[in-house]
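Novice: Whatever this is, show me its structure:
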Amino acid sequence: MGQVYDAIVVGARCAGASTAMLLARKGFKVLLVDRSTFPGEIPHGHFIHRHGPRRLQKWGLLERIVATGCPPSTTFTIDTGEIRLSGKDLVLDGVAFGYGPRRGALDWVLVEAAMEAGAEFRAGCAVQDYLIEENCIVGIRAADRTQDLSFEERAAIVVGADGRGSRLARIAGAVEYESVPTLTCWLFSYWSDIPMSGLEVYVRHKRTIFAFPTNGGLFAVFVGWPIGEQSVVQSDVERHFLAAVDLAPELAARVRAGRRAERFLGAANLPNFLRKPYGLGWALVGDAGCHKDPYMALGICDALRDAELLAAAIDEGLSGRRPLESALSEYERRRNNATMPDYRRNLDRAEFKPPPQEELRLQRALIDDQEAANRFFMAYEEMIPPESFFNPDNVRAIVERHDKGRQDALAGMEA
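Specialist: Reported below is the predicted structural model:
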């Protein structure tokens, strides 16, 4: 039997649905399958920033996500106890720096967009095995729980968007590299009746807290600890969660004045790795190809980026403009070049390493300079070219201006 589809995408969350949508928009015949039914929540973080919002806008989907009841985050506050720095009105060309849609809302918007583009979607279908001929993956064997039947489908390429424990990666023997074991464990929940306008990040005594507005007028609060403290934290989830939040008194006052709307959820199986994301008849995208600690909340924005990179590579290969293996090799190179600086920076953060002194000095200099602080956050979030702010001349001028201001203030006091 010959192939029926150009591509089969296994996993219909943000990476898989995006890949299916982009391939379908290019005119390919795509089958998207997922063992879950949709829409539905999953216990994952869900803040989108950096290049993610602009990519969603380019795809014509950002307004749909906002329409689900997800407010934009237009402020970003970092508070270490010693330094509290805020960026305000972080909006460029109508796009805020961040959005925190619940996964049930985000993933369904992407799945709907894939179907609108022409992809066939089958929910409630669990892949039981992969069809292999001459060491090449040529399709899937799956069970449709909604109709109590099994089926086989074939394609020129099968894409695994099936998460960090990817079965496709295991069967294909995808090699892992840059691997680091789990560094942190996390708990999170949602509160109502809390004033909010954007992302807040607090770091205290090897605890990190990040909080942001999400769908339904709720305030999402996440707390991370070193993985070595997991058993202690799990011994009394609520007590340890609130004890961590209490380390940031201003946030704690708001949380304790609000009402917890949902149960606590957690995550502790968070290995860090990259995998070779392609082989004969297969490719990986999203967490299946690169998984990292959630400290810097890079999972979704990077999944969207990698979906775009993979769809472009598959298009080149299946259209005959380039050998598919060569195109997929370029996909790996481009993914790694885009990923590695943040990947390593994220590891440092997840190990609670202190920031470099020059970074702290710059942040101190920005506290009383709101305009420069806004540009700092916009550059950090890649809303403007990072080099336009983080260049030696600009950083030196900000620090020197701050130091001179302090010297002038001291001289005035002495006088």
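Novice: Between the two ends of stretch 113-131, what distance do you get?
Specialist: Stretch 113-131 stretches 28 Å from its first residue to its last (Cα to Cα, to the nearest Å).
Novice: What residues of it count as buried?
Specialist: Neighbour-count burial for stretch 113-131, with 16 or more other Cβ atoms under 10 Å as criterion, is recorded at 113-115, 117-125, 127, 130-131. Where you see a C-beta, it was placed from the backbone N, CA and C, and this is true even at glycine.
Novice: Also stretch 386-401?
Specialist: Counting neighbours by 16+ other Cβ under 10 Å, one finds that the buried residues in stretch 386-401 are 389, 394-395, 398-399.
Novice: nearest to residue 32, of these?
Specialist: Nearest to residue 32 out of the buried residues of stretch 386-401 is residue 389 (Cβ to Cβ; 39.9 Å).
Novice: Would you enumerate the residues in contact with the closest one?
Specialist: Neighbouring residues of residue 389 by Cβ atoms under 8 Å, 6 or more residues apart in numbering: 375-376, 378-379, 395.
Novice: and residue 146, what pLDDT?
Specialist: If you check residue 146, the pLDDT there is 81.
Novice: quick one: contacts for it?
Specialist: By Cβ under 8 Å, 6+ apart, the residues touching residue 146 are 37, 123-125.
Novice: Of those residues, which belong to strands?
Specialist: Judged by DSSP state E, those include 123, 125 as members of strands.
Novice: okay if I get the contacts of residue 146 as JSON lines plus distance to residue 221 and pLDDT?
Specialist: Shown next, in JSON lines, are the contacts of residue 146 (distance: Cβ to Cβ, whole Å; pLDDT from 0 to 100):
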{"residue": "37", "distance to residue 221": "28", "pLDDT": "89"}
{"residue": "123", "distance to residue 221": "31", "pLDDT": "95"}
{"residue": "124", "distance to residue 221": "32", "pLDDT": "95"}
{"residue": "125", "distance to residue 221": "35", "pLDDT": "95"}
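Novice: Residue 201: which of the contacts of residue 146 is nearest?
Specialist: Of those, the one sitting nearest to residue 201 (Cβ to Cβ) turns out to be residue 37, at 34.0 Å.
Novice: got the domain boundaries for this structure?
Specialist: Taking automatic domain parsing as the reference, the chain has its domains at 5-46+102-180+271-348, 184-267, 357-414.
Novice: First-to-last residue distance for the second one?
Specialist: It stands for domain 184-267. In domain 184-267, first residue to last residue: 9 Å (Cα to Cα).
Novice: Show the average pLDDT along that domain.
Specialist: Here the average pLDDT along domain 184-267 is 96.
Novice: And for the last one?
Specialist: Looking at domain 357-414 alone, the average pLDDT works out to 89.
Novice: leaving aside the residues next to it on the chain, what's closest to residue 159?
Specialist: Among residues not flanking residue 159 along the chain, residue 9 sits closest, at 4.5 Å (Cβ to Cβ, 6 or more residues apart in numbering).
Novice: Now do the contacts for the one you found.
Specialist: Listed by Cβ under 8 Å, 6+ apart, the contact set of residue 9 reads 16-17, 19-20, 23, 30-33, 119, 158-159, 161.
Novice: Filter those residues down to just the ones in helices.
Specialist: In this view, the contacts of residue 9 that belong to helices under DSSP state H are 16-17, 19-20, 23.
Novice: what does the strand or helix carrying residue 85 contact?
Specialist: Taking DSSP states H and E as the definition, residue 85 sits inside strand 84-87. Strand 84-87 has contacts (Cβ under 8 Å, 6+ apart) with 75-79, 97, 363, 366-367, 373-374, 376-378.
Novice: mean confidence score for that strand?
Specialist: Taken as a whole, strand 84-87 has a mean pLDDT of 96.
Novice: how far does that strand sit from the chain's center?
Specialist: 22 Å (Cα atoms, centre = their mean, to the nearest Å).
Novice: Listing partners with orientation, what would you give for the very next helix or strand once past that strand?
Specialist: Per DSSP H and E, the first helix or strand lying C-terminal to strand 84-87 is strand 91-92. With DSSP bridges as the test, strand 91-92 is paired with strand 95-96 (antiparallel).
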